[in-house]
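Chemist: okay, here's the prediction I keep looking at, along with the sequence it came from:
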Amino acid sequence: MLNSRRLILAHFWVAFGVFGLALVLGAWQMFARSPLAPWIGNPEWYYRSVTAHGTVMGYVFPTLVAMAFGYAITETSLKMDLIGRRWAWAGFWLVVVGAVAAMVPVSLGLSSVLYTFYPPLIGNPFYYIGVVMVVVGSWIWVALMAVNLIAWKRRNPGSAVPLAMYANVAGSYLWGWTAVGAALEILLQILPVALGWRSTIDAGLARIFFSWTLHAIVYFWLMPTYIAYYTIVPRAIGGRLFSDTMARISFALFLVVAMPIGIHHTFSDPEVGAGFKFIHSAFTAVVALPTLLTVFTICASVEIAGRLRGGRGAFGWLATLPWRNPAMLAIAFSFIMLGFGGAGGLINMSYQLDASIHNTQWITGHFHLIFGGAIVIMYFVIAYDLWPHLTGRAIASMSLIRLQLWLWFIGMIVTTFPWHYVGILGMPRRMAFYDYTNPGLADEAVPVVMSVIGGVILLVSGLLFLFILLRSHFEGRLELKPYSFSQAVHAVTRVPAALNGHALWIALMIGLTLTNYGFPIMQLAIRSDTSVPAFYVGDRR
């Protein structure tokens, strides 16, 4: 049951379209700062590209994917028409118009502030207004997910909320709350300066507001991937979900522990006390718990699929898995990249070890391995799995899909592993030019060239992905069974109230956020000596 096909396809196509453009920018950035390219002459072009790439990949692309997948989950798991479709279209157009409004000043060189807004750099106000429009459009989606779930519960009193919808709404609530930090930063700190109402900005307070959003946003990006882990992969490979309860616990825990961890990004910032840095470091370690639950549950679910296919012995089931199935390939690749990326995250969360890699290419490698690698490869699976039900046509060649997934995995490894290495050597990130003739940088030239090769492979894979989706619109028509999600080993009829709703977890999420951010924010807000002059990007005469 997918009666909102046009709405969902519109979200997906805009998401994947801007994803393709951002891939081109990313590949160019790697080439421009490598030994293969001459000095570009004007570093401003590089920073425009970085800002556009980061803004699209950080805010627009994953938000539209989550919204599209959320609408699909709502109709297919609850088996009812989406309530508020006109509002959903309004949210979509807000995101689209906001993205355009933000990108125009970036392309004109008026807002090269990176996707982190990077105060005291101040860009054109339309950049920030555009980002706010994207967030407001996504908040409409958050509200619609809540409205649809409440309506379903009223029609089905006492019934267990389908796992996919439970997880989907948890992800929407997480985004709704974590986006508040960036919204406060823009509305209270940045926009008044960008509009000329003030000439100074408290950069430290602005960074704390953004840290509210900065790391929890990663778990918002991760939610569609985890939903695919639990509700698509076991069914796609012919197995069963090992435990519905463990899945619900994982999504509930993400709501609680994903928020009070952002200050670990400000370990080098003096305005945050060491005590709060320690607390956030500890909570960053705790966030591994839902991930470990997920790894165990999904590995057990995959083992079930292997044993149902005749696998025997301690490891014999591995050989019987459907390795030519794109979902099986993708989850294996995703887990490998999640493992390496998570191991790197242990360094980032350490108060002591972070000092050795802070603001180096290590951070870029870690970030891309988690988001671009483990997360985005499952976005591909979501699209491939839904596309026949959205278009009514067969998906294009399975061999092309397997090639595309292999290229993405290889490209991401070849890109990010050298970044980790040069980060250990001390190469700073976010620089437009490196002089590789300098003996201190000469050893970093070869790894950087390797990362450029990886970037080209990623670009080819991304373009192949878009080609497969486009070609699928012209394949033969199909008669399909209704879209379904994975079934648990043990049928689920009733679940504990705490795992059938989100109220408890939302209360804990808000309470922990206010406890962990309230004092640092108030401490700086009441001081009058912490502001610095704003530095405007572009010509403000």
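Modeler: Noted; the coordinates are in hand.
Chemist: what helix or strand does the spatially closest residue to Thr291 that is not a sequence neighbour sit in?
Modeler: The spatially closest residue to Thr291, leaving aside those adjacent along the chain, is Gly342, at 6.7 Å (Cβ to Cβ, 6 or more residues apart in numbering). The way it works is simple: take the backbone N, C-alpha and C, and place the C-beta from them, glycine included. Assigned by DSSP states H and E, Gly342 falls within helix 326-349.
Chemist: what of Pro447?
Modeler: Assigned by DSSP H and E, Pro447 falls within helix 445-472.
Chemist: buried ones in that helix?
Modeler: 445, 447-455, 457-462, 464-466, 468-469, 472 (16 or more other Cβ atoms under 10 Å).
Chemist: hmm, Asp443 is touching Met427, no?
Modeler: No - under the criterion of Cβ atoms under 8 Å, Asp443 makes no contact with Met427, lying 10.0 Å away.
Chemist: and those two? Which one has more around it.
Modeler: Met427 (20 against 12; other Cβ atoms under 10 Å).
Chemist: can you count the residues close to Ile150?
Modeler: The burial count for Ile150: 12, using other Cβ under 10 Å.
Chemist: tell me the pLDDT at it?
Modeler: Per-residue pLDDT puts Ile150 at 97.
Chemist: can you pull the pLDDT of Gly344?
Modeler: Gly344 carries a pLDDT value of 89.
Chemist: cool, and Arg540?
Modeler: 52.
Chemist: do the same with Met1
Modeler: 63.
Chemist: quick one: mean pLDDT over whichever strand or helix holds Ile401.
Modeler: Assigned by DSSP H and E, Ile401 belongs to helix 398-424. Mean per-residue pLDDT for helix 398-424: 97.
Chemist: which parts of the stretch 151-300 of the chain are strands?
Modeler: With DSSP state E, counting those that start in this stretch as the criterion, the stretch 151-300 of the chain has strands at 200-201.
Chemist: quick one, what contacts Thr364?
Modeler: Thr364 makes contact with 416, 419, 423, 429, according to Cβ atoms under 8 Å, 6 or more residues apart in numbering.
Chemist: try 10 Å this time
Modeler: For Thr364, the contacting residues are 415-416, 419-420, 422-423, 427, 429-430, 451, by Cβ atoms under 10 Å, 6 or more residues apart in numbering.
Chemist: quick one on the thing from earlier: between Asp443 and Met427, what contacts are shared?
Modeler: Tyr421.
Chemist: once you drop chain neighbours, what's closest to His473?
Modeler: Leaving aside its sequence neighbours, His473 sits nearest to Thr391 (Cβ to Cβ, 6+ apart; 5.6 Å).
Chemist: just to revisit the earlier point, my guess is the residue nearest to Thr291 contacts Thr284. True?
Modeler: No - taking contacts as Cβ atoms under 10 Å, Gly342 lies outside contact range of Thr284: 11.2 Å.
Chemist: neighbour count winner among those two?
Modeler: Ranked by neighbour count (other Cβ under 10 Å), Gly342 and Thr284 place Thr284 first, with 23 against 18.
Chemist: and that one, how far is that from Gly423?
Modeler: Shown here: Thr284 relative to Gly423, a distance of 19 Å by Cβ to Cβ, to the nearest Å.
Chemist: what mean pLDDT does whichever strand or helix holds Ala101 get?
Modeler: Using DSSP H and E, Ala101 sits in helix 85-107. Averaging pLDDT along helix 85-107 yields 97.
Chemist: what's that helix packed up against?
Modeler: helix 5-32, helix 43-55, helix 61-78, helix 125-155 (3 or more Cβ pairs under 10 Å, 6 or more residues apart in numbering; DSSP states H and E).
Chemist: hey, which of those helices is tucked in deepest?
Modeler: Ranked by average neighbour count under the criterion mean count of other Cβ atoms under 10 Å, the helices and strands packed on helix 85-107 are headed by helix 61-78 at a mean of 25.
Chemist: give the buried residues for stretch 314-328.
Modeler: 317, 321-322, 325-328.
Chemist: OK, contacts around the residue nearest to His473?
Modeler: Residues near Thr391 by Cβ under 10 Å, 6+ apart: 5, 9, 469, 472-475, 477-478.
Chemist: just give me the least confident of the residues you listed.
Modeler: Leu478 (84).
Chemist: surely that one meets Arg393?
Modeler: Yes - checked against Cβ under 10 Å, the pair Leu478 and Arg393 is within contact range at 6.2 Å.
Chemist: okay, those two: which has more neighbours?
Modeler: Neighbour totals were compared for Leu478 and Arg393, and Arg393 leads with 17 against 12 (other Cβ under 10 Å).
Chemist: any idea how far Gly411 is from that one?
Modeler: From Arg393 to Gly411 the distance is 28 Å (Cβ to Cβ).
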